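J.: Here's a sequence, model it:
(2 chains)
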Amino acid sequence: MMNDLTSLFVRMVGLVAQYRIPLLFLGCAALGAAGAWLIAGMAFRERLLDTPNERSSHTIPTPRGGGVGILAAFIMAGLTLRIPTTFLFAAILISAMSFFGDYFRISVKFRLVVQCISTCILLFPLLPRLTAHFALSNFGFSPFIFFLILLLIFIFLIGTANFYNFMDGINGIAGLSGVIGFGLLGLATLYRPPPDAFQNALSLLSICVSLACLGYLPFNMPRARVFMGDVGSILLGFVFAGLVVTLSRNYLEMVCFAALLFPFYADELTTMVVRIQDRENLTQSHRRHLYQLLVNEFGIAHGKISAAYGAAQLAVGAGVLIAYPCGVRTVLIFLTACFIGFTLLTVHVRKIANKQETSATTVRKTRT
Amino acid sequence: MKMHLKNPHFYLMLLGDAILFAGALVLAYLFRFTFPR
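T.: All right, here's what the predicted structure looks like:
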């Protein structure tokens, strides 16, 4: 009897070892779903709900913090794939602060300080790799340009973490973008020549995060039973930017991989320009993103907008990966064309929204 | 801040999260497990 049990255990461990990667993928999807289910399923969640306000795009109080399962999946995948401790620690630090911020008030300054510390922890071990990129580039040997590029990468990491958080405003948008963005990044970099075990581990991590988002998605789309919260959205943005910087072998790859999240960057940048023009406080919450206008002013369903953003992300991502072998010029022309197209669409939608708002105020004035 | 700290359900949610992370760590240990040769 004892021998039977021992042999069964040995066989099971052998099977786990044999199918380690598929089981890891399955575990990530299960953890992503378990985190959302845990938060969504709590019938006792009074006072843990996200109550809608005038800046929200939802009308029903919904629990938030469902992205905790994505964090658990990230930790599991990171430990299994033996990714650098600094990467893991930096992501956990920024996510822990965001988890705290989901339930308690944290000042913008404190958030930024923790984000800067996490970014420094992530970037410090990457300095030799980034120096090698710079040495292989056509920028010459100017230390000033090198520090400028480092500063841009620093801003890119913090910016992406926050952009992802700002874009998590309607059902499914953050989860679906996570599935597509991390999936494309992982598949594009997996097993590319020359063989590199370290990079393969990071590519597999990217696929794991994508699957964790897939597990979370049914709880947020089409009907939101739970919101991802800062714990999930800031983590996803930070990890995405970290993977882009770590997996890139040159600056062109960095631009191409970053473009896998194109709709988020385009929407956030165009909105920021409009808000700066209107002299708004950029740290205050708002609902002036393109996706928010389409949902709130035009009454389009959340799921449709999220799906459209996902389709745009997939199209631009596939396009930029196809354009990459053709060189810098092709990639830049393609991305500029996409950005111009997006900006024109934004300008058009904002014009119509402004017209609707003006006519509504006129009607209100004439009635009074 | 005090509102959450006084809410017992908040601690239940933290317990649930702790179980989730413990599960993730156990799974990571299992996936990395190899027999010593």
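
J.: Find the nearest non-adjacent residue to A:Asn250, please.
T.: Closest residue in space to A:Asn250, ignoring its immediate chain neighbours: A:His133 at 5.7 Å, by C-beta to C-beta, 6 or more residues apart in numbering or on different chains. Yep, even glycine has a C-beta here, placed from its N, CA and C like the rest.

J.: number of nearby residues for the one you found?
T.: For A:His133, the neighbour count with other C-beta atoms under 10 Å in any protein chain shown is 21.

J.: and it, what element?
T.: Following DSSP states H and E, one finds A:His133 within helix A:127-136.

J.: List of residues touching that helix?
T.: Outside of helix A:127-136, the residues that reach it under the criterion C-beta atoms under 8 Å, 6 or more residues apart in numbering or on different chains are A:123, A:141, A:145-146, A:149-150, A:153, A:245-246, A:248-251.

J.: Which helix or strand lies directly C-terminal to that helix?
T.: The element immediately downstream of helix A:127-136 (helix or strand, assigned by DSSP H and E) is helix A:143-167.

J.: next SSE after that next one?
T.: Once helix A:143-167 ends, the next helix or strand along the chain (criterion: DSSP H and E) is helix A:173-189.

J.: pull the CA atoms of stretch B:15-35 into CSV?
T.: Backbone C-alpha positions of stretch B:15-35 (Å, rounded to 0.1, in the frame of the first residue of the first chain) are rendered in CSV as follows:
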residue,chain,number,x,y,z
LEU,B,15,-7.6,36.5,4.7
GLY,B,16,-8.9,35.4,1.3
ASP,B,17,-6.1,37.3,-0.4
ALA,B,18,-3.6,35.7,1.9
ILE,B,19,-4.9,32.2,1.1
LEU,B,20,-4.7,33.1,-2.6
PHE,B,21,-1.0,34.1,-2.3
ALA,B,22,-0.2,31.0,-0.2
GLY,B,23,-1.8,28.9,-3.0
ALA,B,24,0.4,30.7,-5.6
LEU,B,25,3.5,30.1,-3.5
VAL,B,26,2.7,26.4,-3.1
LEU,B,27,2.0,26.0,-6.8
ALA,B,28,5.4,27.8,-7.6
TYR,B,29,7.1,25.4,-5.3
LEU,B,30,5.4,22.4,-6.9
PHE,B,31,6.3,23.6,-10.4
ARG,B,32,10.0,24.0,-9.4
PHE,B,33,10.2,20.7,-7.5
THR,B,34,12.7,18.2,-8.8
PHE,B,35,13.9,15.0,-7.2
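
J.: Near chain B, which residues of chain A are found?
T.: The interface of chain A toward chain B, taken as C-beta under 8 Å from any C-beta of the partner chain, is made up of A:10, A:13, A:16-17, A:20, A:23-24, A:27, A:31, A:34-35, A:38-39, A:42, A:44-48, A:65, A:68-69, A:72-73, A:75-77, A:79-80, A:82, A:103-105.

J.: Point out the other helices and strands that the lengthiest helix in chain B packs with.
T.: Taking DSSP state H as the criterion, chain B has its longest helix at helix B:8-32. Applying 3 or more C-beta pairs under 8 Å, 6 or more residues apart in numbering or on different chains; DSSP states H and E, one finds that helix B:8-32 makes contact with helix A:20-40, helix A:68-80.

J.: Low-confidence bits of chain B, can you list those?
T.: B:1-4, B:34-37 (pLDDT under 70).

J.: counting residues per helix, which one in chain A is longest?
T.: Ranking each helix of chain A by length (DSSP H) puts helix A:328-367 first.

J.: Give the other helices and strands that that helix contacts.
T.: Using 3+ C-beta pairs under 8 Å, 6+ apart as the contact criterion, the neighbours of helix A:328-367 among helices and strands are helix A:251-258, helix A:262-277, helix A:290-296, helix A:302-323.

J.: Could I get the contacting residues of A:Leu23?
T.: If a contact means C-beta under 8 Å, 6+ apart, then A:Leu23 has A:16, B:31 as its contacts.

J.: measure it to A:Arg329 for me?
T.: Separation of A:Leu23 from A:Arg329 (C-beta to C-beta, to the nearest Å): 44 Å.

J.: now do A:Thr119
T.: 31 Å.

J.: When the two are compared, which one has more neighbours?
T.: The neighbour comparison of A:Thr119 against A:Arg329 (other C-beta under 10 Å) goes to A:Thr119, with 22 against 9.

J.: My guess is the more buried one contacts A:Ile158. True?
T.: Yes: the pair formed by A:Thr119 and A:Ile158 meets the contact definition of C-beta atoms under 8 Å, at 5.6 Å.

J.: Tabulate the helices and strands packed on helix B:8-32 (TSV), appending mean pLDDT.
T.: Compiled in TSV, the helices and strands packed on helix B:8-32 are given as follows (pLDDT from 0 to 100):
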stretch	mean pLDDT
helix A:20-40	91
helix A:68-80	94
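
J.: Just name the most buried of these.
T.: Of all those, helix A:68-80 carries the top mean neighbour count, a mean of 27, counting by mean count of other C-beta atoms under 10 Å in any protein chain shown.

J.: Helix A:173-189 and that one, what's the angle between them?
T.: With axes from the mean of the first three to the mean of the last three C-alpha atoms, to 10 degrees as the basis, helix A:68-80 and helix A:173-189 are set at 20 degrees to each other.

J.: what angle sits between helix A:68-80 and helix A:20-40?
T.: Calculated by the same axes, to 10 degrees, helix A:68-80 forms an angle of 150 degrees with helix A:20-40.

J.: Going toward the C-terminus from helix A:68-80, what's the next helix or strand?
T.: Using DSSP H and E, the helix or strand that directly follows helix A:68-80 along the chain is helix A:85-103.

J.: buried set for that following helix?
T.: Within helix A:85-103, the residues that qualify as buried by neighbour count (16 or more other C-beta atoms under 10 Å in any protein chain shown) are A:86-88, A:90-95, A:97-103.

J.: Let me see the mean pLDDT of the longest helix of chain A.
T.: For helix A:328-367, the per-residue pLDDT values average out at 86.
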